[in-house]
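Visitor: turn this into a structure:
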Amino acid sequence: MPTLTIDGKEITVDNGLTVLQACEEAGAEIPRFCYHERLSIAGNCRMCLVEMERAPKPIASCAMPVGDGMVITTNSETVKKAREGVMEFLLINHPLDCPICDQGGECDLQDQAVAFGRGSDRFEEGKRAVAEKNMGPLVKTEMTRCIHCLRCVRFAEEVAGVDELGALWRGENTQITTYLGQILDSEMSGNVIDLCPVGALTSRPYAFTARSWELKKTESIDVMDALGSNIRIDTRGKAVMRILPRLNDDVNEEWISDKTRYACDGLSKARLDQPYVKLDGKLTPANWAEAFNAVADALKGANGSDVAAITGDMADMESMFALKGLLASMSSDRIDCRQDGAALDASCRAGYVMNSGIAGIDEADYILLVGSNPRSEAPVLNSRILAAVKGRGVTVANIGSAEDLTYRTDELGDDASILDKILSGKHATAKALKDAAKPMIIVGQGALARTDGGAILKAARDIADKYCMADGWNGFNVLHTAASRVGGLDLGLTTDGGADGIMDDAAAGKLKAVFLLGADEIDTSALKDTFTVYIGSHGDEGVRHADVILPAAAYSEKSATYVNTEGRVQHSEKAVFAPGEAREDWTILRALSDVMGHRLPYDSLEALREQMAIVAPSSAQLDQKPDEAWGDFGTKGKITSGGIAPAIDNFYATNPIARVSNTMADCIAARETEVEGATGTNG
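Guide: Purely as a prediction, here's the structure:
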């Protein structure tokens, strides 16, 4: 470990660090534009210049590895003059449009010009102008502001995995553009906005709508997929203005998907903001008392076997727990959280979580995907796999349809029965798993939703047991697509036949009533003759045959508990109040229980969570990757030969919020236009 002196202070640092990182450990502030902790080193902005003893001129600290005995000065007059000169050059062509720039108030160039600039400009020549680029409906460009730090180019290649951004020409004629002027085709493209230090790349949907200092900032959790990305919700008044990522190295690092970032405009559209009751075959606005009485009257005298419930993909643990309690008070245990029919076993937690952890991808040396497309199911997780492939040469093998995952994969075939060959040791993948030090198997919902999903789960479990276990390492992982799924399984929300069995019984007239808690990813045609109570935030599929609609809060409008795909429990916070008469789901169920004569035993969120922790003890362990006991799960049986259908057909339309989002609709339209243009079908 090298020891060096920085501004007269001796410090010992780890091998492999740069001088810039060492300076920061020593407490010295080093300005930078091109350098970013999660990107490769470019060394082209020169803003991080420092003085090194015996060096003929200032050095770029971001690109200089530390060495034993170095003497570094970060605050000398030479360094000050050098930084002022660099800043002056950077501002030669930069337009003076800060008053109309969306980056104003949170711009690195503004901040560093004040802290390290000269305060005046000696150049009188005319400024250059650069034509704007079309990067799609998400990223707005003002390329005249670009200082060529190349952060966006490196992000696209190294994190998003799409080689579609690059630099053309040289010198002051340099321009950043997409390949052949096409849109930036990535589910992670919005992150370039956070990376851009000057406002050349800003958010198109957010453009000219608010200033950073006008916004109230609330820390929360994303529910667009099962990753549990840490986010910040920025609001003004009652409106959610934008979603930004928060740093969490164990979950999403500092990235979020485009759906997480941009689908928030759907929070204000197609909202259910008052109760409805069906009268004479038509939904009619009602007050809460009328809606509750309609439910109570319909369920009067109902037996436990007459009532069932299905919970949706974005339901929080509190609401699912309250619904389970309400059904239990009516002697019913028919409640299921698996809308897609995935053959998940709630009896063993290790059988439905990502045991290696999301960050475990950084340690894995072989990854086997089974019926999973991480690029569409969890784009941020997919970027970790890309980093493992590019940075450490990790091999990724895939059983399922061949898709562009942004990295090279060994395609084993779209046939689930390959798992039997691997388990028996008759497939080359068995040797690859055995030879790896820390192999991972990632099972997707597409595989588990097949009719033989239980047998696939069992085979994957046995493969992991045979090849993917080591001291302190469990290589069995399930990648979920629903934010509510692990929490629902923790609460035991499974029933024989699953959601499909409930719908079949409803169609056969065996059920008197069905509760839908934000369940919109199922075909509700079977409920047309069954009394249906829908509790949710948006008027989507779940309300099509509803007899009573109880308007609920969306994820941004409540304090709630979510459990991500690795079993990590996280709390979201309320950013805004729900519109109109909509209320938080658990409070609706608590009030309904009073009217029905089955009062739930809690009156506050804290009391509910205390009760919930008894049923699901893991819910009380916040922000920890669990270490679950290994067990047996899945169902012994024959795996049928044949392909695995994808769990997600359209990344931009996986839930009610995304489906009503204008921005997501623009993304779908832009992708379709690109495909038509590429195939020549547009004439």
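
Visitor: make it CA atoms for all contacts and neighbour counts henceforth
Guide: Will do.

Visitor: in the protein, what spans have low per-residue confidence?
Guide: 677-683 (pLDDT under 70).

Visitor: where exactly do the helices run in the stretch 351-500 of the chain?
Guide: Applying DSSP state H, counting those that start in this stretch to the stretch 351-500 of the chain gives helices spanning 374-377, 379-392, 418-424, 428-435, 445-448, 453-467, 485-490, 498-507.

Visitor: so which of those comes closest to S229?
Guide: Nearest to S229 among the helices of the stretch 351-500 of the chain is helix 379-392; the distance by Cα to Cα comes to 8.5 Å.

Visitor: packing partners for that closest one?
Guide: Counting contacts by 3 or more Cα pairs under 8 Å, 6 or more residues apart in numbering; DSSP states H and E, helix 379-392 is packed against helix 374-377.

Visitor: who are the packing partners of the helix it packs on?
Guide: helix 379-392.

Visitor: list the contacts of the helix it packs on.
Guide: Outside helix 379-392, the residues that touch it by Cα atoms under 8 Å, 6 or more residues apart in numbering are 158-161, 187-188, 227, 252, 255-257, 358, 361-362, 364-365, 374-375, 394-396, 405-408.

Visitor: show me which of those are buried.
Guide: The neighbour count (16 or more other Cα atoms under 10 Å) marks 158-161, 187-188, 227, 252, 255-257, 358, 361-362, 364-365, 374-375, 394-396, 405-407 as buried among the contacts of helix 379-392.

Visitor: show me the residues you listed that map onto strands.
Guide: The members of the buried ones among the contacts of helix 379-392 that map onto strands under DSSP state E are 395-396.

Visitor: still on that earlier bit, can I get the helices of the stretch 351-500 of the chain in JSON lines with distance to V660?
Guide: Output for the helices of the stretch 351-500 of the chain, formatted as JSON lines (distance: least, Cα to Cα, whole Å):
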{"stretch": "helix 374-377", "distance to V660": "19"}
{"stretch": "helix 379-392", "distance to V660": "21"}
{"stretch": "helix 418-424", "distance to V660": "39"}
{"stretch": "helix 428-435", "distance to V660": "43"}
{"stretch": "helix 445-448", "distance to V660": "24"}
{"stretch": "helix 453-467", "distance to V660": "32"}
{"stretch": "helix 485-490", "distance to V660": "23"}
{"stretch": "helix 498-507", "distance to V660": "25"}
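
Visitor: among the ones you listed, which is nearest S572?
Guide: helix 485-490 (13.8 Å).

Visitor: which secondary structure elements does that closest one contact?
Guide: helix 317-329, strand 560-563.

Visitor: tell me which of these sits nearest to C45.
Guide: strand 560-563 (41.5 Å).

Visitor: neighbouring strands - and their directions - for that closest one?
Guide: Paired with strand 560-563 in the same sheet, following DSSP bridges, are strand 569-572 (antiparallel).

Visitor: what does the partner strand contact?
Guide: By Cα under 8 Å, 6+ apart, strand 569-572 touches 219-221, 228, 555-556, 558-564, 618-624.

Visitor: if you set the cut-off to 6 Å instead, what comes out?
Guide: By Cα atoms under 6 Å, 6 or more residues apart in numbering, the surrounding residues in contact with strand 569-572 are 220-221, 559-563, 622-623.

Visitor: what sits against G567?
Guide: Contacts for G567 were tallied using Cα under 6 Å, 6+ apart; they are V353.

Visitor: and the longest helix for the chain?
Guide: Longest helix in the chain, counting residues (DSSP state H): helix 662-679.

Visitor: gap between L323 and I335?
Guide: According to Cα to Cα, to the nearest Å, L323 and I335 sit 8 Å apart.

Visitor: got it, and M612?
Guide: Distance, M612 to I335, by Cα to Cα: 16 Å.

Visitor: what residues are up against the residue nearest to G228 when sequence neighbours are not counted?
Guide: Excluding the flanking residues, the one nearest G228 by Cα to Cα, 6 or more residues apart in numbering is N564, at 5.0 Å. Contact analysis of N564 by Cα under 6 Å, 6+ apart lists 226-228.
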